[in-house]
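J.: Got a predicted model here, sequence first, then my questions.
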Amino acid sequence: MNINQKEEKSIGWNFDNTYASLSEKFYTKQDLNPVVSPSLVVLNNDLAESLGLNIKALNSLEGIAVLAGNIAPKGALPITQAYSGHQFGYFTMLGDGRALLLGEHITPGGNRFDIQLKGSGRTPFSRGGDGRAALGPMLREYIISEAMDGLGIPTTRSLAVVSTGEKIIRDTVLPGAILTRVAQSHIRFGTFQYISKYGSEEDLKELADYTIKRHFPSIENEKYKYILFLKEVIKRQAKLVAKWQVVGFIHGVMNTDNMLISGETIDYGPCAFMDTYDPETVFSSIDTYGRYAYGNQPTIAVWNLSRFAETLLPLIDDDIDEALKIANKAIADFSQIYDKLWKNGMRKKLGMLKEESEDESIIVELLSIMKKYKSDFTNTFRALTLGDLCEDDLFLSDEFKLWKEKWDSRLNKEEKSKEDILHLMKENNPAVIPRNHRVEEALDAAVTRGDYGVMDQLLKVLANPYEYSIQQKEYTTLPPKSNKPYRTFCGT
Ligand code: AMP
Ligand code: MG
């Protein structure tokens, strides 16, 4: 069913469906799975406006019906996308088992965004699953993805969460919900793995050409465009993971199907921000061996990129050995690109813009004493920014005093005013992150009491994490000490 033209105009949807113009191997056309009683629980007004959508119309019955997957807006061509992936190292066929791509919305400024409903019901890729999602995890994705955007980290965005009025069965009975996800695209490393395994070289070329045109148009006409494509994807991953590391974000499930070619963060399942600094930090209940621990993320990015590069080999060179040599060289460059980005990010956190030979040791030494004194990652950098260095084992330690002398003399080399250094540090050290206990508190209020005020307040604070406002101060407090580590779950 389509909504009438008048309603359509007033919401502002402007769909195009280039992905659905690829061969049908890449997707299946999908009928809608309407829900009983949709109700809009969160709408991202700022994002809606930036997409050129009318907030009032989105709040109307028709607007909500679209966000619930009960009706398709005019111009949309709902599909589910096929993809595979390595999950914890093992290759599997996957695909959109509980998501539906409505189409690509073109903003008034001409930008193209995938509009995807997550939790929208069963599809041919659902296997044993119900195709649905629970309210808590969808709100969690909303909060953390928006916090990531506030932090300036490339990410898929969340436009809305609609509760479905239906119950879903997990370990317990939970309220169902649908999240509207907005992304540059949903083309994953796993999309390439899928076509490389199950398609022909022609199919692979079709996907690569489409992706290059959509995300890297400047290389479209280059002679060696496929290797340039690989290099661009490597650069974006390096940039992304460096940004994760400097704010202490742990993705938690860096499977190749959860890595986007566009370089945006996707799939906010078991992710969380680290409190105490420890490279071995793992939150996911199923990550028994710490494969996706904080300190492993750059290494895993290389592993994932290698799986992606393998899919491109037939396009890179007819001679497979030559192709392998070229791809290996590109992958080997990751660490240099990443190290530079990470070091620059860490330099800025310490108020340093110039490059000096001692920088790396200053950064590494600080991290090592932070680890020794079990310092809170975010609050340590916040305290260094504010010069508020008391009441903390780290700051009272002799190691820190020695380190601080080195840091002070390094800062003298900057030839910048104290104000400029403070400004740089504020811009690079978030005063607030979505701390796990705060997120849980907001979800609990919303899901168990229907009180969305706690979440609204949290979202406001997280929208400008570098603001250093008075309101933010109460969000910097740590959770009460617990002898049980915080655990996140994939069972979403
Ligand atoms: P994820 O863990 O969200 O990255 O999902 C891994 C795979 O499981 C994807 O193919 C999902 O579509 C699928 N999946 C996750 N949850 C469900 C569900 N409730 N019903 C059907 N498929 C699901
Ligand atoms: Mg996924």
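T.: Received it, and whenever you're ready, just let me know what you need. Ligands and ions are numbered 1, 2, ... in the order given.
J.: ok, the longest strand along the chain: who's next to it in the sheet?
T.: Taking DSSP state E as the criterion, the chain has its longest strand at strand 157-169. Strand 157-169 pairs in its sheet with strand 39-43 (antiparallel), strand 173-183 (antiparallel), by DSSP bridges.
J.: quick one: buried residues of that strand?
T.: Buried residues in strand 157-169, counted by 16 or more other CB atoms under 10 Å: 157, 158, 159, 160, 161, 162, 163, 164, 168. Where C-beta positions appear, they are placed from N, C-alpha and C, glycine not excepted.
J.: Mind checking the pLDDT average for that strand?
T.: Mean pLDDT, strand 157-169: 98.
J.: Where does the stretch 301-450 of the chain get nearest to ligand 2, which residue?
T.: The minimum distance from the stretch 301-450 of the chain to ligand 2, using CB to the ion, falls at residue 304 (13.1 Å).
J.: Is that residue located within a strand, as I assumed?
T.: No - assessed with DSSP: H, G, I helix; E, B strand; the rest coil, residue 304 is helix; it does not lie in a strand.
J.: Now for residue 91, how many residues are close by?
T.: 14 (other CB atoms under 10 Å).
J.: show me what contacts it?
T.: Taking CB atoms under 8 Å, 6 or more residues apart in numbering, we find residue 91 in contact with 84, 85, 193, 197.
J.: so of these, which ones are in strands?
T.: Using DSSP E, those in strands are 84, 85.
J.: just curious, which of the contacts of residue 91 is nearest to ligand 1?
T.: Among the contacts of residue 91, residue 85 lies closest to ligand 1 (CB to the nearest ligand atom), at 7.7 Å.
J.: okay, now that closest one: neighbour count?
T.: Neighbours of residue 85 (other CB under 10 Å): 23.
J.: Repeat that for residue 197.
T.: 11.
J.: can you check residue 80 too?
T.: Neighbours of residue 80 (other CB under 10 Å): 23.
J.: which one is it nearest to, not counting chain neighbours?
T.: Spatially, and ignoring its direct neighbours in sequence, residue 80 is nearest to residue 96 (3.9 Å; CB to CB, 6 or more residues apart in numbering).
J.: residues touching the residue of the chain positioned farthest from its centre, list them.
T.: Farthest-out residue of the chain from its mean C-alpha position, per CA atoms, centre = their mean: residue 398, at 38.5 Å. Going by CB under 8 Å, 6+ apart, residue 398 touches no other residue.
J.: thinking again about what came up before, next, work out how far apart the residue nearest to residue 80 and ligand 2 are.
T.: For residue 96, the distance to ligand 2 equals 9 Å [CB to the ion, to the nearest Å].
J.: Tell me which residues touch that residue, please.
T.: Contacts of residue 96 (CB under 8 Å, 6+ apart): 80, 81, 82, 83, 123, 125.
J.: can you list the residues you listed in CSV and add pLDDT, secondary structure and distance to ligand 1?
T.: Shown next, in CSV, are the contacts of residue 96 (pLDDT from 0 to 100; DSSP: H, G, I helix; E, B strand; the rest coil; distance: CB to the nearest ligand atom, whole Å):
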residue, pLDDT, secondary structure, distance to ligand 1
80, 98, strand, 9
81, 98, strand, 10
82, 98, coil, 10
83, 98, coil, 8
123, 98, coil, 8
125, 98, coil, 6
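J.: quick one: which two of those are the most distant?
T.: Farthest pair in these (CB to CB) is 83 and 123. Separation: 12.3 Å.
J.: shared neighbours, these two?
T.: 95, 96.
J.: Need the CA coordinates for the helix or strand that contains residue 92. PDB is fine.
T.: Assigned by DSSP states H and E, residue 92 falls within strand 90-93. Listed next in PDB are the C-alpha coordinates belonging to strand 90-93 (Å, rounded to 0.1, in the frame of the first residue of the first chain):
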ATOM      1  CA  TYR A  90      34.100 -18.300  10.800                       C
ATOM      2  CA  PHE A  91      32.500 -17.700   7.400                       C
ATOM      3  CA  THR A  92      28.700 -17.800   7.300                       C
ATOM      4  CA  MET A  93      25.900 -16.800   4.900                       C
END
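J.: is ligand 2 contacted by it?
T.: No - with CB under 5 Å from the ion as the criterion, ligand 2 is not reached by strand 90-93; the gap is at least 11.3 Å.
J.: give me every residue that touches residue 146.
T.: Neighbours of residue 146 in contact, by CB under 8 Å, 6+ apart: 44, 157, 158, 459, 462, 463.
J.: Residue 29 pairs with what?
T.: Going by DSSP bridges, residue 29 forms beta bridges with residue 79.
J.: Can you give me the distance of it to residue 13?
T.: 19 Å (CB to CB, to the nearest Å).
J.: So which of those two has more stuff around it?
T.: Set residue 29 next to residue 13 and count neighbours by other CB under 10 Å: residue 13 wins out with 27 against 10.
J.: The more buried one contacts residue 72, correct?
T.: No - with contacts counted by CB atoms under 8 Å, residue 13 stays clear of residue 72, the gap being 9.8 Å.
J.: Which of the three states applies to residue 341?
T.: helix.
J.: Could you pull up the contacting residues of the nearest residue to it once chain neighbours are set aside?
T.: Spatial nearest neighbour of residue 341, excluding adjacent residues (CB to CB, 6+ apart): residue 242 at 3.8 Å. Contact partners of residue 242, counting by CB under 8 Å, 6+ apart, are 338, 341, 342, 345.
J.: hang on, the first one packs against residue 241?
T.: Yes - A contact is recorded between residue 338 and residue 241 when judged using CB under 8 Å, the distance being 6.5 Å.
J.: how about the residues of this structure that lie near ligand 1?
T.: 94-98, 125-126, 129-132, 257-258, 267, 269, 490 (CB under 6 Å from any ligand atom).
J.: So the residue positioned nearest the centre of the chain versus residue 33, what's the distance?
T.: Centroid-nearest residue in the chain, with CA atoms, centre = their mean: residue 265, separated by 2.3 Å. Going from residue 265 to residue 33 by CB to CB gives 27 Å.
J.: next one: residue 257
T.: In terms of CB to CB, residue 257 sits 22 Å off from residue 33.
J.: Repeat that for residue 459.
T.: 29 Å.
J.: for residue 129, what are its contacts?
T.: So residue 129 contacts 97, 98, 122 (CB under 8 Å, 6+ apart).
J.: The first one against residue 121, yeah?
T.: No - Residue 97 is beyond contact range of residue 121, at 10.0 Å (criterion: CB under 8 Å).
J.: In which helix or strand does residue 437 reside?
T.: helix 436-449.
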